[in-house]
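J.: Sequence and predicted structure, then a few things I'm wondering about:
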Amino acid sequence: MLGREIARQLDEADPLRRFRTAFDLPPGAIYLAGNSLGALPHKAVERVATVMREEWGKDLIRSWNVHDWIDMPSRVGDRIGQLIGAAPGETVIADSTSVNLMKLLSAALPLRPDRRVILSDTENFPNDLYIAQGLVKLLGAPYELRLVDPDEIEHALDDSVAILMMTEVDYRTGRRHDMKRLTQRAHAAGALTLWDLCHSVGAFPVDLNGCEADLAVGCTYKYLNGGPGSPAFLFVTTRLQDQIQPYLSGWMGHQKPFAFDLEYRPAKGILRHLAGTPPILATASLDAALEIMLAADPDALRKKSLALSDLLIRLVDERLTDHGFTIVTPRDHAQRGSQVSLNHPSGYPIVQALIAAGVTGDFRAPSTIRFGLAPLYTSFEDVWLAAETLVALMQEERWRRPEFQSRNAVT
Ligand SMILES: Cc1ncc(COP(=O)(O)O)c(C=O)c1O
């Protein structure tokens, strides 16, 4: 059986070990929910305090110019661009992932005027489907959101499909789709691709341009540690930037926002996809968090993430399958994001009992327990202790207690 000592040795050999102290994690906490909400970076606290006291507090409205607040969306966007294989000027910070999806889907459909189908898969994050449903409703028939099993996507790419919309890493299982292959297939069928990178960015290096992806969106509060509700990003390949026109045409995306023209004229490039005033405090927090992420070697991040998930999978195989758990995360590294998901019919009370025992994971209906493995601050010993805690609570049947049965609003 794999002992704690081995986990400790893995930590000692971990080149990313020094990054853990950059985060303000409660002492003794085992936090495996960084795929939902990343940990708090010390630098984010300092940066937000400085922006509030020194910039907002002292320079007030002049800060838009003197502290260059106005360029923050593109400046911070370009930093994210480095993590997702984008060229400078292809990524911008704006709104939420949901809003950015609506913006890009609506703006990109006219690029395929003879086609009416948005193609996606039945395992996609339901929110993304809701957004596409709203757009289809707005546009009316014959526009259509077509859903197929994720393994049927390639067969479903025909000449009716305008946009293939997929989430690279499945939120529930942690399965990673082959972005390059699916993008090639979509292009061969004449369709554009829109990738949701919520569970990819910061978890492993993404290569949008290497895959020739067209469009992408993603959030920054998971592996990027931007903070609760921190602003999202959107990516538009340079190839399409002049052709794609936003429908959510706000003043921040105008060529000259302060000319106050009566007619909307889109700004050049990626900036036209901005709509309203950027959230400066939340973007400052994100920017500080990105400094930490960008100091880490991306290949080391991926290597560690896979080693963490390999360890957890091995511990579950050894010690938890007898307790009714099944691993739903792919064992093949190429198909794995940075989480390990287990199915169990009593998944919800088990997660509640785990949290009460100091190990934070989360739950996704109907029966999936998720453990996010954020390679910047998760240690191998954390993973070992999480498995040990889970084994103990299953043996003692602690999860059966009444206090763990009623569902919170957020699971
Ligand atoms: C894959 C995926 N897409 C979209 C979203 C929604 O993002 P937001 O609520 O920030 O718009 C989430 C949120 O968890 C997500 O996991």
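T.: Thanks, I have it.
J.: Please see if the longest strand belonging to the chain touches the ligand.
T.: Taking DSSP state E as the criterion, the chain has its longest strand at strand 161-167. Yes. Contact of strand 161-167 with the ligand (C-beta under 6 Å from any ligand atom) involves residue 167. All C-beta atoms are positioned from the backbone trio N, CA, C, and that covers glycine.
J.: what pLDDT does the closest residue to residue 110 other than its chain neighbours get?
T.: Setting aside the residues directly before and after it, residue 110 is nearest to residue 245 in space (C-beta to C-beta, 6 or more residues apart in numbering), at 7.5 Å. The pLDDT attached to residue 245 in the predicted structure is 96.
J.: So residue 245 lies in a helix, does it not?
T.: No. Using DSSP: H, G, I helix; E, B strand; the rest coil, the assignment for residue 245 is coil, not a helix.
J.: Test my guess that it contacts residue 267.
T.: No. Residue 245 is beyond contact range of residue 267, at 11.0 Å (criterion: C-beta atoms under 8 Å).
J.: Residue numbers of this protein in contact with the ligand?
T.: Contacts of the chain with the ligand, taken as C-beta under 6 Å from any ligand atom, map to 96-98, 125, 127-128, 167, 171, 196, 198-199, 219, 232.
J.: residues of the longest helix along the chain that come out buried?
T.: When the chain is parsed with DSSP state H, its longest helix is helix 298-319. By neighbour count on 16 or more other C-beta atoms under 10 Å, the buried set for helix 298-319 is 301-309, 311-313, 315-316, 319.
J.: Who are the packing partners of it?
T.: helix 4-12, strand 326-327, strand 339-343, helix 380-395 (3 or more C-beta pairs under 8 Å, 6 or more residues apart in numbering; DSSP states H and E).
J.: same thing but at 7 Å, please
T.: In terms of contacts (3 or more C-beta pairs under 7 Å, 6 or more residues apart in numbering; DSSP states H and E), helix 298-319 is packed against strand 339-343, helix 380-395.
J.: buried stuff in the longest one?
T.: To tie it back to what came earlier, the one meant is helix 380-395. Going by neighbour count (16+ other C-beta under 10 Å), the buried part of helix 380-395 is 380-391, 393-394.
J.: Stretch 178-194 now?
T.: Quick answer for stretch 178-194 (16+ other C-beta under 10 Å): 179, 182, 183, 185, 186, 187, 189, 191, 192, 193, 194.
J.: Go ahead and confirm the second one touches residue 155.
T.: Just to be clear, that refers to residue 182. No. Taking contacts as C-beta atoms under 7 Å, residue 182 lies outside contact range of residue 155: 12.0 Å.
J.: in its sheet, what does the helix-or-strand element of the chain with minimal mean pLDDT sit against?
T.: Counting by mean pLDDT, DSSP states H and E, the chain has its least confident helix or strand at strand 362-364, which shows a mean of 93. Paired strands of strand 362-364, with direction, are strand 368-372 (antiparallel) (DSSP bridges).
J.: Alpha carbons of the partner strand, as CSV, please.
T.: Taking C-alpha atoms only, strand 368-372 is exported to CSV below (Å, rounded to 0.1, in the frame of the first residue of the first chain):
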residue,chain,number,x,y,z
THR,A,368,-20.0,12.8,-8.9
ILE,A,369,-17.5,13.8,-6.3
ARG,A,370,-14.8,16.1,-7.8
PHE,A,371,-11.3,16.7,-6.5
GLY,A,372,-9.6,19.6,-8.3
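J.: Just the helices from this protein, written as ranges.
T.: With DSSP H as the criterion, the chain has helices spanning 4-12, 42-50, 63-66, 72-83, 97-108, 126-139, 153-156, 179-188, 238-241, 280-295, 298-319, 347-356, 380-395.
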